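Q: my questions concern the predicted model and sequence given below.
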Amino acid sequence: MTSRLRAEQVALGYDGRKIVHELDLTVPDGSFTAIVGANGSGKSTLLRGLARLLKPQGGAVILDGKSIHDHPSKEVARRLGLLPQSQSAPEAISVADLVARGRYPHQSLLRQWSPADQAAVNAALELTDTADLSGRGFHELSGGQRQRVWLAMALAQETDILLLDEPTTYLDISHQIDVLDLCARLRRERGSTLVAVLHDLNLAARYATNLVAMKDGRIVAEGDPTTIITPELIEEVFGLACRIITDPESKTPLVIPRYTPEGTTTP
Amino acid sequence: MTLLKAGPYSVRVNHRSLIVGVVLLVLLVAALLVTLSAGTNAFPMDRVVAAVFGSGTPAENLIIGELRLPRAVVAALVGIAFGVSGGIFQSITRNPLGSPDVVGFGIGASTGALVVLLILKGSLAATSIGAVVGGAVTAAIVFALSSRGGVAPLRLVLVGIGLGAALNSLNSLLIVRAQVYDAQSASAWLVGNLVGRDWDEARLVGGILVAGFVLCLVLHRPLSLSEFSDERSASFGLSTDRTRLLAVGTGVLLASGAVAVAGPIQFIALTAPQVTKRLTGAPGPNLVVSGLTGALLLVLADLAAREAFQPRQLPVGVLTGLVGGAYLAWLLGREWRKGRA
């Protein structure tokens, strides 16, 4: 197994407070790696560290054999993209213009727009099924459409590795499936490596090829979702009593929380 | 989008921005010609053109070529400097109130100029240097106070407004402590005025504009990306803090240069980018159109200040203050409603 992106004994946090503790993680090339864990388990912090947004307090994130902080920032941006959670966009911007601004790491002072830029933007719009929205104002779009447009912007960046920070949050179920189907397609058709922080365990189990379960800034379990998801693991990571059945659609593990009519969960 | 190409240089420009820019340029030339011809001594256009090229009668050459022309050119250049500076600040603060005159950089430039004018008794050139230094020092203080592991745009605006208020009282103190005659001319300077501006001033702002233009070429793409959240722009390889530092440096240079020759004329920097946004309907930073809008606004304002209240001339700063103040009140009201909605 080859891996272009990995964390070595990385410690991450803010203002001296450590959230991720000396953690090792290897992201297999071409995998869909989903990071799951309870709120505050450090999964988003880990993703920010992998994306070079956070400087490690110790250890390093290694991209292509070198610490990610030793690469120039534009060089990193040509290899590794990020879909952050923030939604703010310039006023009055059109979809086409927004996606086009994702070409930044490939442009220079003189060559601010090239046929390659146009081709990448068109391909990204096509892939995310947003080509027919390209003339519209971004702020007129629905939440589901906006998320696809954000994805198009990140895809226009043409990176082999894409990190996604809770890409399905705030989306209704059909749009969640849309986004994750698209991720699966990217992996299949482009050979992209995807790392996503996901809240929905069942969707993570369905789409991920590699599942990373975190608790208190450490990795508790890692591997194929079908083998690692057990009632004991869910109990440990989420403190939730549950049964695991097989998803009749995808044959992946399906987590069913225990139910007692009184509303109290018993272990 | 229209693709503009010149040799190896290629840039994509918003279609409507391009048209608006050309129209503004035409209007600006027209406004300049009207400025040169209108007045107590009115001249027909053919005489204006003749005088501009130095082939008029001695009287025409004097009134048009030596009195009105340099003043009109200074008005246009100062307007461009304020307009571009405002566009830069509103882009990096992502806030229509993030303009150098609101955020205190213009006030800081005045403080620098006043110190040179009143305490060091310096020349025009020295006063200009004082203004640029004053603006730069203010920017450095605002940056230091608003940076905590990165410069948050809103914090920059709020700290700037606070520091501006403090500097305003420092300016008053400088004036109160000065000799009566000095204090009078300093107060007049603080209003912002273009009366009697000559080619020396035009060369000074012109030089600063050339430097600013080069910096804006470098800044344009980083700025348009930094209008997204910091996380997103960083993920595209932009170093947000470096962009903000360069942008503030450029904006302060342009605003201070303008303040140095014309005094702190209010509200051009605040209004120009907003008018630009409405005219083009395009996302920022749109610095070229913003500069042209600023130039047109200031040339027209100075024409009105010169001619509308004859036989007296108003300092142009009074006029922009009145109109711009009303506009600021409207803007604040709108932002407030938007915040509540």
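A: All right, it came through fine. Numbers count the residues shown, from 1 in each chain, chains lettered A, B, ... in the order given.
Q: quick check: chain neighbours aside, which residue is closest to the residue in the stretch 1-150 of chain A that chain B sits nearest to?
A: When scored by Cβ to the nearest Cβ, the stretch 1-150 of chain A has A:A77 as its residue closest to chain B, at 2.9 Å. The C-beta positions use only the backbone N, C-alpha and C, and glycine is treated the same way. Nearest residue to A:A77 in three dimensions, chain neighbours excluded: B:G237, at 2.9 Å (Cβ to Cβ, 6 or more residues apart in numbering or on different chains).
Q: which residues are in contact with the lowest-mean-pLDDT helix or strand in chain B?
A: Of all helical and strand segments in chain B, the minimum by mean pLDDT, DSSP states H and E falls on strand B:2-6, at a mean of 75. Applying Cβ atoms under 8 Å, 6 or more residues apart in numbering or on different chains, the external contacts of strand B:2-6 come out as A:W113, B:S10, B:V11, B:R12, B:V13, B:N14, B:H15, B:L18.
Q: which residue does the stretch 101-250 of chain B bring closest to chain A?
A: For the stretch 101-250 of chain B, Cβ to the nearest Cβ, closest residue to chain A: B:G237, 2.9 Å.
Q: surely that residue and A:V76 touch.
A: Yes: judged on Cβ atoms under 8 Å, B:G237 makes contact with A:V76 at a distance of 6.4 Å.
Q: residues from chain A in reach of chain B?
A: A:15, A:48, A:51-53, A:72-78, A:81-82, A:84, A:86, A:88-93, A:96-97, A:100-102, A:104-105, A:107, A:109-114, A:154, A:157 (Cβ under 8 Å from any Cβ of the partner chain).
Q: and the residue in the stretch 151-267 of chain A that chain B sits nearest to, what are its phi and psi?
A: Closest residue of the stretch 151-267 of chain A to chain B, Cβ to the nearest Cβ: A:Q157 (6.4 Å). Taking degrees, to the nearest 10, you get phi -70, psi -20 for the backbone angles of A:Q157.
Q: so what's it up against?
A: A:A77, A:R78, A:G81, A:G102, A:R103, A:Y104, A:P105, A:H106, B:F236.
Q: B:L303 now?
A: Counting by Cβ under 8 Å, 6+ apart, B:L303 has contacts B:A31, B:V34, B:T35, B:A38.
Q: for PyMOL, write the select line for the buried members of these.
A: Buried subset of the contacts of B:L303, written as a PyMOL selection, criterion 16 or more other Cβ atoms under 10 Å in any protein chain shown:
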select buried, chain B and resi 31+34+35
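Q: for chain A, state which of the contacts of B:L303 is nearest.
A: Closest to chain A, out of all of the contacts of B:L303 and judged by Cβ to the nearest Cβ, is B:A31, at 27.1 Å.
Q: apart from its chain neighbours, what residue comes closest to that closest one?
A: With Cβ to Cβ, 6+ apart as the criterion, B:A31 has its nearest non-adjacent residue at 4.8 Å, and that residue is B:V299.
Q: keeping just the C-alphas, turn the strand or helix carrying the one you found into CSV.
A: Per DSSP states H and E: B:V299 is located in helix B:287-307. Presented in CSV, the C-alpha positions along helix B:287-307 are these (Å, rounded to 0.1, in the frame of the first residue of the first chain):
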residue,chain,number,x,y,z
LEU,B,287,-10.1,48.2,-8.2
VAL,B,288,-9.9,49.8,-11.6
VAL,B,289,-13.6,50.7,-11.7
SER,B,290,-13.5,51.8,-8.1
GLY,B,291,-10.6,54.2,-8.9
LEU,B,292,-12.4,55.6,-11.9
THR,B,293,-15.6,56.1,-9.8
GLY,B,294,-13.6,57.9,-7.1
ALA,B,295,-12.0,60.2,-9.7
LEU,B,296,-15.4,61.0,-11.3
LEU,B,297,-17.0,61.7,-7.9
LEU,B,298,-14.2,64.0,-6.7
VAL,B,299,-13.9,65.9,-10.0
LEU,B,300,-17.6,66.6,-9.9
ALA,B,301,-17.6,67.4,-6.2
ASP,B,302,-14.8,69.9,-6.7
LEU,B,303,-16.5,71.5,-9.6
ALA,B,304,-19.6,71.9,-7.5
ALA,B,305,-17.6,73.2,-4.5
ARG,B,306,-15.9,75.7,-6.9
GLU,B,307,-18.9,77.0,-8.8
